[in-house]
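> the amino acid sequence is not available; the structure is as follows:
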């Protein structure tokens, strides 16, 4: 216990409730109660010096405050606290280490309150080894100390270490508090690629329920986000629905979960529900970014315009992530010109804004324009990020600029000292593969310093599909079957390549392999916006009230278009059927259904905008080109790879996709 015999000037400062009074007493207080008490003059001088150091810290004069430390050996807890906070605010690691050293020398090394402040300071200064040392050398750890080290290690991306310490804390029977659960849930998602931590997250979810913390909105919101990061949309939705209280952060987390996990329609529906739920819930910038991403995914231009109006009305148009999301939304909804206008009107641009514009040009196949924007970014002294190079390399790939892409890749490594990631190598393989330089693409993989992974091999297999290279396709697929044994898309791609090569026995073998493994290919789905409402169409759609009209319309349209040159490409149908039946299957493709739906329901002369979840097939591509010529309509289709702008019987991709 603190001594009650201390002279009045040296009594310890008022401590917060978190501080345990049973902590060992600092050396300086023990000195004050020795047989030879400090003189009144010394005590007064000490108090004045502490007050002066505290005053300098509050004003941000760190250097002057530190100069007084050497003149005053006896500092109070409050003085050390302000010195630590000022070092963190000023980003001065060396000064922070000096304060830490002085603190230890003066007997505060076991002060858990100051230890918490030190750990937080080192975390802010990215000196995580120092933070861990403070923790390890502390014998009596309060929950605040545990929380501080959990936060520090989570910031460092050491999720597994956090969860190991959390197990240790539970073993020591140290009760968690509401902040503990937030930090350890975040730790479950900071270590990229460690899907095994999902089970740890589920265990923590059980702890939360068992200890009655499910009523804390910030814990449950973090839980929603944790499940969302692992793509567990059903789990996230269940947690969200069970929350007794929701705030704007909770709603935003669930909307983001839908938007990022391929459920954009649910994201927009939940946003509408949020707006109706309460007048007190005002969407913030995070909400708007997710909603704009959902609009972009669906090519829902009219809804995107309404969101843009909301952004302007509520003064969110100065927030960079929102503006970047607007650029992407307009571009992916087929209005690149408006996206460029938003970009040009920005007073300030960060690297994300530049990346948005580069990738926007890229998905339209405007590779040279994307390179120009990239060069302008560098000229404006904005350092490119790894994502910048993924965007510009992708743009080169869609435009067939293989040599320019190779040069940019070399520039990234040589001039910007960015180590290539799997994404960069996948871009290079795709770039060379699309250009029918498959041997070079294969050599890129052979010379990689890291494991290629499914993304790289998938790029090679996709290129083999375009150029019907059976030998390389078999090599790539063998790796993919091992890396992704349950991904039906890889088997379907290989079967497509065999079909194009006329190897029907091999097609049959791959299809049997699919059946044996119980795998099914992803069904094609296309979305179209009509009168501000988004509709989804699939080849097995039985619920659309116009489905019979759509099929009849398509049959009539295809028959009439055969007179102007339409020849159904039945060779891409992987079934042993007669020609007429194959043509019927082709007419059931989701993008054709969406085209027909748009022609039936859109106003005359209005452009038709469609989004598809798979690559546009060759037959749908040639069909849509002829539709624009036959009906004098403009059609924009965004598939999983890029934008296709059809007009007057021609596509903007130049048949290179």
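Arrived safely, thanks for sending. These numbers come from a predicted model, not from an experiment.

> please count neighbours and contacts with C-alpha atoms only from this point.
Will do.

> for stretch 163-181, give the mean pLDDT please.
The pLDDT scores in stretch 163-181 average 94.

> what's that stretch in contact with?
Residues outside stretch 163-181 that contact it (CA atoms under 8 Å, 6 or more residues apart in numbering) are 143, 146-147, 150, 184, 187-188, 200, 204, 208, 213, 216, 219.

> contact partners of stretch 295-314?
Stretch 295-314 is contacted from outside by 264-265, 268, 288, 291-292, 317, 326, 328-330, 332-334, 527-529, 531-532, 534, 609-611, using CA under 8 Å, 6+ apart.

> that older thread, filter the contacts of stretch 163-181 down to the buried ones.
For these, a burial check counting by 16 or more other CA atoms under 10 Å picks out 143, 146-147, 150, 184, 187-188, 200, 204, 208, 213, 219.

> of these, which pair is most distant in space?
143 and 200 (20.5 Å; CA to CA).

> isn't residue 537 right up against residue 527?
Yes: if you go by CA atoms under 8 Å, residue 537 and residue 527 touch, sitting 6.3 Å apart.

> so what sits against both of the two?
Jointly contacting residue 537 and residue 527 under the rule CA under 8 Å, 6+ apart are residue 594.

> the two: who's more crowded?
Comparing residue 537 with residue 527 by other CA atoms under 10 Å, the one with more neighbours is residue 527, at 26 against 23.

> spatially nearest residue to that one (excluding sequence neighbours)?
Leaving aside its sequence neighbours, residue 527 sits nearest to residue 536 (CA to CA, 6 or more residues apart in numbering; 4.5 Å).

> and what of residue 404?
In space, and not counting its chain neighbours, residue 404 is closest to residue 396: 7.1 Å by CA to CA, 6+ apart.

> give me the low-pLDDT residue ranges for the chain?
Scanning the chain with the threshold set as pLDDT under 70 gives 1-44, 192-194, 541-543.

> can you show me the strands along it?
Residue ranges of the strands in the chain, as given by DSSP state E, are 525-530, 533-538, 608-612, 635-638, 643-647, 650-651.

> just checking, what packs against the lengthiest helix in the chain?
In the chain, assigned by DSSP state H, the helix with the most residues is helix 40-58. When contacts are defined as 3 or more CA pairs under 8 Å, 6 or more residues apart in numbering; DSSP states H and E, helix 40-58 packs onto helix 62-67, helix 77-89.

> please look at residue 128 and residue 156 and confirm they touch.
Yes: the pair residue 128 and residue 156 qualifies as a contact (CA under 8 Å) at a distance of 7.0 Å.

> which of the two has more residues huddled nearby?
residue 128 (20 against 17).

> tell me the contacts of the more buried one?
Contact analysis of residue 128 by CA under 8 Å, 6+ apart lists 122, 152-153, 156.

> could you rerun that using 10 Å?
119-122, 134, 149, 152-153, 155-156 (CA atoms under 10 Å, 6 or more residues apart in numbering).

> repeat for residue 510
491-496, 498, 504, 516.

> okay, and which of these map to helices?
Among these, DSSP H puts 491-496, 498, 504, 516 in helices.

> from residue 110, how far off is the most centrally placed residue in the chain?
Nearest residue to the geometric centre of the chain (CA atoms, centre = their mean): residue 260, 7.6 Å. Distance, residue 260 to residue 110, using CA to CA, to the nearest Å: 45 Å.

> one more: residue 70?
The spacing between residue 70 and residue 110, counted by CA to CA, is 22 Å.
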